[in-house]
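I would like to see how this sequence folds:
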Amino acid sequence: MATGMGCVPVSVPAQGYAYPTPEDELKALEEEKKELEAELEEINRRIEELRKSLGG
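Below is the predicted model:
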C-alpha cells in the first residue's frame, strides 16, 4: 500500500492492472503496439529529416 502526505492509501496489484479476460488483455496490448509502431514511424521520419538537414 502506498501512502503520502495528503494521499489516500492505494493498493496496486503485483502484476499491474488485471484485465477481465485474456482476450481483453490481448486486445489492449495489440492496440498499444499499434500506437507505439505509429509513434516509432514518426520518430524515424524525424531522424531522417534531421540527418538530411545536417548533410548526413
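
what residues does stretch 20-40 touch?
residue 19 (CB atoms under 8 Å, 6 or more residues apart in numbering). C-beta coordinates here come from the backbone N, C-alpha and C atoms, glycine included.

ok so residue 47 is a strand residue?
No: looking at residue 47 with DSSP: H, G, I helix; E, B strand; the rest coil, it is helix, so not inside a strand.

where's it relative to residue 40, distance?
10 Å (CB to CB, to the nearest Å).

So, low pLDDT: which residues of this protein?
1-16, 56 (pLDDT under 70).

Could you rerun that using 90?
Within the chain, the ranges that satisfy pLDDT under 90 run 1-19, 56.

Show me where it has its helices.
Counting by DSSP state H, the chain has these helices, from start to end: 22-53.

Count the residues that sit near residue 33.
Residue 33 has 10 neighbouring residues, counting by other CB atoms under 10 Å.

measure it to residue 55 for me?
For residue 33, the distance to residue 55 - CB to CB - is 35 Å.
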